[in-house]
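1. need a structure here:
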Amino acid sequence: MQYVVTTQVLENYGAHDTDGKFKSGNAYWKFKFGSEYLVNDVERPADAMAFIMAAYGANTIGWKEFPTDVVTYQEWLGEVDQLDEDYAAFKKETLHEVSPIHGSIL
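-> Purely as a prediction, here's the structure:
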């Protein structure tokens with residue numbers, strides 16, 4: 001089965017020039033972009049999300065990236081095909097195809 005996993009990024013602006021910690025009052029988190037990954041060679045949606053978290057997730061004082069949504073590839077195509085033509089083309093071009101069996105972006 002193929003699944004598309006969407007990620008969300010948070011960036012801590014407080015970590016750029018201070019310690020970035022909540023305790024010291026220097027944390028300043030902002031939502032940023034995310035990515036979309038087409039995950040091949042998995043059986044379940046949870047497997048796709050776990051693979052993306054393990055392979056592409058991040059959890060540092062300045063940056064966090066984590067999966068937020070998972071749909072089948074066919075559901076994703078149906079959603080994308082409803083978008084403006086240019087935006088739909090952009091989403092298809094920027095979709096990262098990956099596999100836990102092959103271990104990296106295909």
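2. by residue count, tell me the biggest helix in the chain.
-> Criterion DSSP state H: the longest helix present in the chain is helix 45-56.
3. so for that one, mean pLDDT?
-> Mean pLDDT, taken over the full extent of helix 45-56, equals 96.
4. okay, buried residues for it please.
-> Of all the residues in helix 45-56, those buried under the rule 16 or more other Cβ atoms under 10 Å are 45, 47-53, 56. The way it works is simple: take the backbone N, C-alpha and C, and place the C-beta from them, glycine included.
5. now those residues in CSV, with distance to residue 73?
-> Output for the buried residues of helix 45-56, formatted as CSV (distance: Cβ to Cβ, whole Å):
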residue, distance to residue 73
45, 11
47, 14
48, 10
49, 14
50, 17
51, 15
52, 14
53, 19
56, 17
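6. among those residues, which two are most distant?
-> Pairwise distances across these (Cβ to Cβ) peak at 16.2 Å, for the pair 45 and 56.
7. the protein: strands as residue ranges?
-> 3-12, 29-31, 36-39, 58-59, 63-72, 96-98 (DSSP state E).
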